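Chemist: Mind folding the following:
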Amino acid sequence: MLRFFLCACFLIKTLQIKAQDHTIPDYQNLKTYTYDSLQNAFKSSVHTEPKLGKVYANAYYKKALTQNDIKETYLGAHQYALVYKTLGQKDSALYFINIALKQAEIAKDHQQYASSLFLKGNIYYSATNYIKAIANYTSAYDIIKKDNDSIKLAVITNSIALIKNQIGETKQALDLIKNNLLFYDKLREKNDPRFREGNYINTLLNLSNTYTNLAEDYQQHKVAYLDSATTYCLKGITNSLNSNDNEAHCIFLTLQGIINQKKGNLKKSIAELTNVEQKVKELNIIKELPYVYFYQGKNYFLQHDIDNALPYFLKVDSIVQKDKINSMFLQENYILLIKCFEQKSDTDKLLHYLKIFKNIATQNDEIIRKSSQSIYNKYDVPSFTAKIELLTQDATLEKERTLFLKKISFFLIGIIILGILYYLRLKQKYKRRFETILKELNSTTKKITGKTVKEIVLPKSKEYKISDENIQKILDGLALFENEKMFLQQKCSINFLAKEINTNATYLSKTLQSHKGKKFVQYITDLRINYALVQLKENKKFRAYDIKSIASELGFNTAESFSKSFKKQTGIYPSFYIKKLNLLDD
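Modeler: Residues are numbered from 1 along each chain as shown. Alright, predicted model coming up:
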């Protein structure tokens, strides 16, 4: 749940919508404004008064279209996308960011193109589509890396670390964030004008949150990780207070209450969250309230005080429904609501929140479902849904409602049990394949394929009219080709290889089929995957690359083609293989 708290609250100061008594100007009155004036007005209002910001973005964009100015058009579309993202209107935000990207690409403005890619990643991140978010972040990172813009790279790295935190890759997230903090510390020491206190505060928040997540993931180090989380949280409280960043200050105070809850200091956590609740209301930070309420309710729930816990959980639900907050991140709130009403024997309310919980579960994408597995295990979801099913046997309930409840319970239990069984079975299968691969890697054989490790030699066909001398020349050429690892080149086609070993494609193809037992594409793919298995096992630096970079190093055109080939040959995905190797190193 804490991972999801940060997803919604991180950088909340850039997302808040505060009520102001400013009059919305008429579009006709803005026609005479310069681009700079409209842009300044937009920047000052987009986060605090997005509806006003939308008016300025509209005037900017229409002015650019009227004047047929391509640069101002994509800058205006970028503004439009940003304000729609702030308003929580994902589809409109994506529509305009795609316009910005297309126009920036036409104008060959790669810096603006990278900026719009990053914003597109933020739009997907806000919508909890982590797969598309990380794809856009990575593309933006690759472009900005060429310009060596360390400031922008640090911002993107921080966003990537956030996603890694959500999906359980906490140690990788920790390394990224610690490097960012070191980078910002150096900027501050040198009084570098590029230093921004907001970036530094965001990094402290991300770091404290990561340590808190690590405490949950690695219980044996819980105390040490929570101590580290406290250290950076207190530092963030001080820095946000000194910089008058009230919104970030409230988030740190909320996180402090969460950390104390994890430590078991429930009374202290209650006092801290009560204080935060008052500050949040004073500052009108609406989007943080559900999380303050949830953790406050959880404090009472952990004390078995259902009467005090329940009102807080109900407040969370009320805000979620009213403000259309992305409620999939609050599924634990609905689990606890169900448990509360189960203890109160209120079947109607129990069924109501069970339905909401089920809807959330079906909406979540694959990454979020995996991240939620700890919640399912923690609360023994199959067990309490089984208890719900028993309630359907109550003779006092109407027959129609009983049937409805049974269907819901069976459906939920079936989905959860099948999901867990599938997950466990797949995990065991991958584990066995991983162990088999390591054994094969440690052996003296040449290949890692499973059934055999010897080269396959097929009998010559009657039409195979190549002299023994030519065959030996081709085989010698292939040996040199493999030793020099030329198969890692992306331009490695059959014609390329034939030219390298002074033969033709037909002779080469027939020799590969007769002496290697495979076609050219499979031959190259096997060499690359075998090389990847050894390199990933022995080279930690290579292992630290993302999948896209590893695929490129191996000669694959895309990360998808690499992952598919790796899975086909080894039976596991490269991400799983890397994760298990890292665990062995730990």
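Chemist: which residues of the stretch 351-500 of the chain score low on pLDDT?
Modeler: Counting by pLDDT under 70, the ranges of the stretch 351-500 of the chain that qualify are 361-406, 409, 423, 444-464.
Chemist: what's near enough to touch residue 272?
Modeler: 253, 256-257, 260 (CB atoms under 8 Å, 6 or more residues apart in numbering). Just so you know, the C-beta spots here come from the backbone N, C-alpha and C atoms, and that holds for glycine as well.
Chemist: Could you say which helix or strand holds the residue nearest the centre of the chain?
Modeler: Nearest to the mean C-alpha position of the chain, counting by CA atoms, centre = their mean, stands residue 163 at 3.1 Å. Remark: residue 163 resides in helix 150-166, with elements defined by DSSP states H and E.
Chemist: tell me which residues of that helix are tucked away?
Modeler: By 16 or more other CB atoms under 10 Å, the buried positions in helix 150-166 come out as 152-166.
Chemist: Pull the distance from the helix or strand just after it to the chain's centre.
Modeler: Helices and strands here follow DSSP H and E; after helix 150-166, the next one along the chain is helix 170-189. Here the centre of helix 170-189 is set off from its chain's centre by 19 Å, with CA atoms, centre = their mean, to the nearest Å.
Chemist: Counting by contacts, list what helix 170-189 packs against.
Modeler: helix 150-166, helix 197-217 (3 or more CB pairs under 8 Å, 6 or more residues apart in numbering; DSSP states H and E).
Chemist: Nearest to residue 543, out of these?
Modeler: helix 150-166 (15.1 Å; CB to CB).
Chemist: quick revisit: ok and the helix holding residue 163 relative to helix 197-217, angle-wise?
Modeler: 20 degrees (axes from the mean of the first three to the mean of the last three CA atoms, to 10 degrees).
Chemist: And helix 150-166, what does it pack against?
Modeler: Using 3+ CB pairs under 8 Å, 6+ apart, helix 150-166 sits against helix 2-9, helix 110-126, helix 130-147, helix 170-189, helix 197-217, helix 366-371.
Chemist: how about a cut-off of 7 Å?
Modeler: Helix 150-166 makes packing contacts with helix 2-9, helix 110-126, helix 130-147, helix 170-189, helix 197-217 when contacts are defined by 3 or more CB pairs under 7 Å, 6 or more residues apart in numbering; DSSP states H and E.
Chemist: Which of the ones you listed sits closest to residue 56?
Modeler: For the helices and strands packed on helix 150-166, proximity to residue 56 was assessed by CB to CB; helix 110-126 is nearest, at 17.1 Å.
Chemist: which parts of the closest one are buried?
Modeler: Buried residues in helix 110-126 (16+ other CB under 10 Å): 112-126.
Chemist: ok, now stretch 570-583?
Modeler: For stretch 570-583, burial by neighbour count (16+ other CB under 10 Å) applies to 570-572, 574, 576-581.
Chemist: ok, so of these, who is nearest residue 234?
Modeler: Residue 234 lies nearest to residue 579 out of the buried residues of stretch 570-583, by CB to CB, at 32.3 Å.
Chemist: what about the longest helix in the chain?
Modeler: Selection of the longest helix in the chain by residue count, based on DSSP state H, yields helix 399-442.
Chemist: how far does that one sit from the chain's center?
Modeler: For helix 399-442, the distance to the chain centre is 23 Å (CA atoms, centre = their mean).
Chemist: next SSE after that helix?
Modeler: Per DSSP H and E, the first helix or strand lying C-terminal to helix 399-442 is helix 468-483.
Chemist: Check which helices and strands that following helix sits against.
Modeler: With contacts taken as 3+ CB pairs under 7 Å, 6+ apart, helix 468-483 sits against helix 494-500, helix 505-511.
Chemist: Contacts for it, please.
Modeler: For helix 468-483, the surrounding residues in contact (CB atoms under 7 Å, 6 or more residues apart in numbering) are 487, 497, 500-501, 503, 507-508, 511, 515, 527.
Chemist: With stretch 179-197 instead?
Modeler: Stretch 179-197 is contacted from outside by 150-151, 154, 157-158, 199-200, 203, 207, 243, using CB under 7 Å, 6+ apart.
Chemist: and those as CSV, adding pLDDT?
Modeler: Shown next, in CSV, are these (pLDDT from 0 to 100):
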residue, pLDDT
150, 88
151, 88
154, 89
157, 89
158, 88
199, 90
200, 92
203, 92
207, 93
243, 91
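Chemist: Distance to residue 224 added to the residues you listed, as a markdown table?
Modeler: Formatted as a markdown table, those follow (distance: CB to CB, whole Å):
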| residue | distance to residue 224 |
| --- | --- |
| 150 | 31 |
| 151 | 32 |
| 154 | 27 |
| 157 | 25 |
| 158 | 24 |
| 199 | 27 |
| 200 | 24 |
| 203 | 21 |
| 207 | 15 |
| 243 | 29 |
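Chemist: Just the CA atoms of the helix holding residue 163, as CSV, please.
Modeler: What follows is helix 150-166, C-alpha atoms only, in CSV (Å, rounded to 0.1, in the frame of the first residue of the first chain):
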residue,chain,number,x,y,z
SER,A,150,22.6,15.8,-16.3
ILE,A,151,19.8,17.8,-14.7
LYS,A,152,17.1,16.3,-17.0
LEU,A,153,18.6,12.9,-16.8
ALA,A,154,18.4,13.0,-13.0
VAL,A,155,14.7,14.0,-13.2
ILE,A,156,13.9,11.1,-15.5
THR,A,157,15.9,8.7,-13.4
ASN,A,158,13.9,9.7,-10.4
SER,A,159,10.7,8.9,-12.3
ILE,A,160,12.1,5.5,-13.4
ALA,A,161,13.0,4.8,-9.7
LEU,A,162,9.4,5.6,-8.7
ILE,A,163,8.1,2.9,-11.1
LYS,A,164,10.7,0.4,-9.9
ASN,A,165,9.5,1.1,-6.4
GLN,A,166,5.9,0.3,-7.4
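Chemist: so it versus helix 110-126, what angle?
Modeler: Going by the same axes, to 10 degrees, helix 150-166 makes 20 degrees with helix 110-126.
Chemist: how far off helix 170-189 does helix 150-166 point, in degrees?
Modeler: Interaxial angle of helix 150-166 relative to helix 170-189 (the same axes, to 10 degrees): 150 degrees.
Chemist: Identify the residues contacting helix 150-166?
Modeler: Counting contacts by CB under 7 Å, 6+ apart, the residues outside helix 150-166 that touch it are 3, 6-7, 10, 118, 121, 125, 130, 133-134, 137, 140-141, 144-145, 172-173, 176-177, 180, 183, 194, 199, 202-203, 206, 209-210, 213, 371.
Chemist: Narrow those to those that are buried.
Modeler: Buried residues within the contacts of helix 150-166, counting neighbours by 16+ other CB under 10 Å: 3, 6-7, 10, 118, 121, 125, 130, 133-134, 137, 140-141, 144, 172-173, 176-177, 180, 183, 199, 202-203, 206, 209-210, 213, 371.
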